[in-house]
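# sequence first, predicted coordinates after that:
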Amino acid sequence: MKHVLIIDDEEAVCWALRRALGREGYSVAVAASGEQGLQLAEVQRPDAVIVDVRLPGIDGLTALGKLNQSTPGVPTIVMTAFGNLSTAVKAVEGGAFDYITKPFDLSQALEAVRRAVSRRPESDSTVVDAAPGEQPEEMIGGGPAMQAVYKRIALVAPRDASVLITGESGTGKELVARAVHRHSARRDRPFLPVHIAALNPNLVESELFGHVRGAFTGATQTRPGMLGLADGGTVFLDELADIPLQVQVKLLRVLEHGELLPVGSTQPQRLDVRILAATHQDLSRCVAEGRFRHDLFFRLNVFAVTLPALRERTEDIEALAEHFLRTFEPRSLPLAPATLRFLQALPWFGNVRELRNALEHAAIVARGGQLLPEHFPTSIVSSGPTSPAEQLAAGVRTWLADRARPGNATPSDLYDQLLKVVEPALLDEVLKRLSGNRWVAAQWLGLNRATVRKKLAAYGLHPLRSEEEETEDDTDRGPVR
């Protein structure tokens, strides 16, 4: 029987995990602090450990380090409700087998434990020590979408694999690339961002790979390319889909053989560089249309990090806004509650970049006072949701952001709460449009008439005044005009 040690001071979490793991056939021990967990690990060596980051006494990451010393080789799963990039990186670099965020599905935790107890011990470590005084690149956001991004960065940074970063324009792809480099073994070597679309189309090959003297008209001296300048470090190729096909062949050689061939040269040069790439385009589609080589796509897409659009993580807008406002003004610029709701309802097709520019404009107009919706540029205001579907979706995002604020109790009945808001409004509007005809309303709603009657009664909507009216309602099947 495999033995699992749970270290967490939340009784409900421990109870749920213990019960689920017991049903799977594991023996389980529970500790409410890191110190107690270390003692239990010495009494009975666990096959896997689940540890929370925030604990009374020593924190979970410190406990992780001590567990690695006292029980080397035991896989540890770190969990937290307050994760960020720094936490994810420290967990992975500290030897964590996996990293999950609260709230989580029990099936997710069980799958992590199954993989942990069944893994084969590794003979070497992938842990990379942090550079002295190193501070992680700041990435703002603590919601589930960004938690997933932090975990992906932490997992791939110590490796030397190519990474393909995708996402809409303005989501922060270069920030991800810098974070990967900062937490890699190449951190003390150059990081060189290259925006492909900004290069002269006729000189892309020379700009990337360099050239020798006389290679073409105007090449009066040998000049290294950007890839060569980053030797030993990391190159970030932004807008990857804009690389010409003939240049893609040479880039593939760099990735597969570690060789660089400058323009006009017949002698390849050895090159040690890690390539991170990004695009907002669908590379699979580019491959299908013949605009991008499939072999280069697969070589670059060893590991993917996909950034969410800002409208998919509206819970982070408040933290982002406060961060940007601190950079604009040394004194605090307060956000009115109505302003925050206004910002959360916008679609932000320009994502974080658009939010930053809009906030800077508003900060100038507000002149040090409280930021209000009218302080924002008209282009932002007019870019708000226009179609009924967009307005409805924006309303749901705002409603959810208001109930899932950091620090609030974790909601457990969001679906029922939303139904109590939306369902009465839908029933009321449908009945009004149909002059109270419940039979036709049931057809419109796709519900049984008895179900409609019960829901109306529960919400106190459109009550029938007499049994005769109810009988008429049940038999009225006339057309609606």
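Done, it's in.
# any weak-confidence spans in the chain?
For the chain, the stretches flagged by pLDDT under 70 are 83, 119-138, 330-332, 381-387, 390-391, 394, 398, 401-410, 464-481.
# could you pull out the strands for it?
Along the chain, counting by DSSP state E, strands occupy 3-7, 27-31, 48-52, 76-80, 98-101, 163-166, 191-195, 234-238, 259-260, 269-270, 274-279, 303-306.
# as JSON lines, those with distance to residue 375 would be great.
The way it works is simple: take the backbone N, C-alpha and C, and place the C-beta from them, glycine included. Shown next, in JSON lines, are the strands of the chain (distance: least, CB to CB, whole Å):
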{"stretch": "strand 3-7", "distance to residue 375": "48"}
{"stretch": "strand 27-31", "distance to residue 375": "52"}
{"stretch": "strand 48-52", "distance to residue 375": "42"}
{"stretch": "strand 76-80", "distance to residue 375": "36"}
{"stretch": "strand 98-101", "distance to residue 375": "35"}
{"stretch": "strand 163-166", "distance to residue 375": "33"}
{"stretch": "strand 191-195", "distance to residue 375": "32"}
{"stretch": "strand 234-238", "distance to residue 375": "32"}
{"stretch": "strand 259-260", "distance to residue 375": "51"}
{"stretch": "strand 269-270", "distance to residue 375": "55"}
{"stretch": "strand 274-279", "distance to residue 375": "33"}
{"stretch": "strand 303-306", "distance to residue 375": "33"}
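# turn these into CSV, columns for distance to residue 156 and mean neighbour count.
What follows is the strands of the chain, written out as CSV (distance: least, CB to CB, whole Å; neighbours: other CB atoms under 10 Å):
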stretch, distance to residue 156, mean neighbour count
strand 3-7, 27, 24
strand 27-31, 31, 18
strand 48-52, 23, 26
strand 76-80, 17, 25
strand 98-101, 13, 22
strand 163-166, 6, 24
strand 191-195, 15, 18
strand 234-238, 12, 24
strand 259-260, 24, 18
strand 269-270, 24, 12
strand 274-279, 10, 25
strand 303-306, 5, 16
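# who are the packing partners of the helix ranked longest in the chain?
Longest helix of the chain, by residue count under DSSP state H: helix 414-433. Packing contacts for helix 414-433, counted by 3 or more CB pairs under 8 Å, 6 or more residues apart in numbering; DSSP states H and E, involve helix 388-403, helix 438-445, helix 449-459.
# hang on, the earlier thing: out of the strands of the chain, nearest to residue 452?
Minimum separation from residue 452 across the strands of the chain (CB to CB) falls at strand 98-101, 40.3 Å.
# adjacent strands (with direction) for that closest one?
strand 76-80 (parallel) (DSSP bridges).
# list of residues touching the strand it pairs with?
With contacts defined as CB atoms under 8 Å, 6 or more residues apart in numbering, strand 76-80 is touched by 8, 48-54, 60-61, 64, 67-68, 87, 91, 95-102, 104, 109, 112-113, 116.
# the inter-axis angle of it versus strand 3-7?
30 degrees (axes from the mean of the first three to the mean of the last three CA atoms, to 10 degrees).
# what's the angle from strand 76-80 to strand 48-52?
Going by the same axes, to 10 degrees, strand 76-80 makes 20 degrees with strand 48-52.
# for residue 273, phi and psi?
Main-chain dihedrals, residue 273, degrees, to the nearest 10: phi -140, psi 140.
# how much space separates it from residue 161?
Counting by CB to CB, to the nearest Å, the separation of residue 273 from residue 161 is 13 Å.
# okay, the two: which has more neighbours?
Shown here are residue 273 and residue 161; by other CB atoms under 10 Å, residue 273 has more neighbours (22 against 14).
# so the more buried one sits right up against residue 229, yeah?
No: the criterion here is CB atoms under 8 Å, and residue 273 misses it with residue 229 at 9.5 Å.
# may I see the buried residues of stretch 33-47?
If you call a residue buried by 16 or more other CB atoms under 10 Å, then stretch 33-47 has these buried ones: 33-34, 36-38, 40-41, 46-47.
# who touches it?
For stretch 33-47, contacts defined as CB under 8 Å, 6+ apart pick out 2-5, 7, 9, 29, 31, 49, 51, 55-60, 62-63, 66-67, 70-71, 74, 116-117.
# can you rerun that using 7 Å?
Applying CB atoms under 7 Å, 6 or more residues apart in numbering, the contact partners of stretch 33-47 are 2-5, 7, 9, 29, 31, 51, 55-60, 62-63, 66-67, 70-71, 74, 117.
# can you check stretch 354-363 too?
Identification of contacts with stretch 354-363 by CB under 7 Å, 6+ apart yields 170, 310, 320-321, 324-325, 328-329, 333, 348, 371, 375-377, 380.
# cutoff 8 Å now
Residues outside stretch 354-363 that contact it (CB under 8 Å, 6+ apart): 170, 310, 317, 320-321, 324-325, 328-329, 333, 343, 348, 350, 371, 375-377, 380.
# just the buried ones out of those residues, please.
Buried by 16+ other CB under 10 Å: 170, 310, 317, 320-321, 324-325, 333, 343, 348, 350, 371, 375-376, 380, out of the contacts of stretch 354-363.
# and which of these is nearest residue 16?
Residue 16 has its nearest neighbour among those in residue 317, at 31.2 Å by CB to CB.
# surely the closest one meets residue 342?
No: taking contacts as CB under 8 Å, residue 317 lies outside contact range of residue 342: 10.2 Å.
# what sits against residue 88?
For residue 88, the contact set (CB under 8 Å, 6+ apart) comprises 99, 147, 150-151, 153-154.
# hmm, back to that, okay, and which of the buried residues of stretch 33-47 map to helices?
Among the buried residues of stretch 33-47, the members found in helices (DSSP H) are 34, 36-38, 40-41.
# nearest to residue 238 among the residues you listed?
The closest of these, once distances to residue 238 are taken by CB to CB, is residue 34, at 42.2 Å.
# without its sequence neighbours, what residue ends up closest to that closest one?
Excluding the flanking residues, the one nearest residue 34 by CB to CB, 6 or more residues apart in numbering is residue 63, at 3.5 Å.
# one more: residue 283?
residue 297 (5.5 Å).
# and the closest residue to residue 208 other than its chain neighbours, what does it touch?
Once flanking residues are discounted, residue 208 sits nearest to residue 225: 5.0 Å by CB to CB, 6+ apart. Contact partners of residue 225, counting by CB under 8 Å, 6+ apart, are 206-211, 260, 262.
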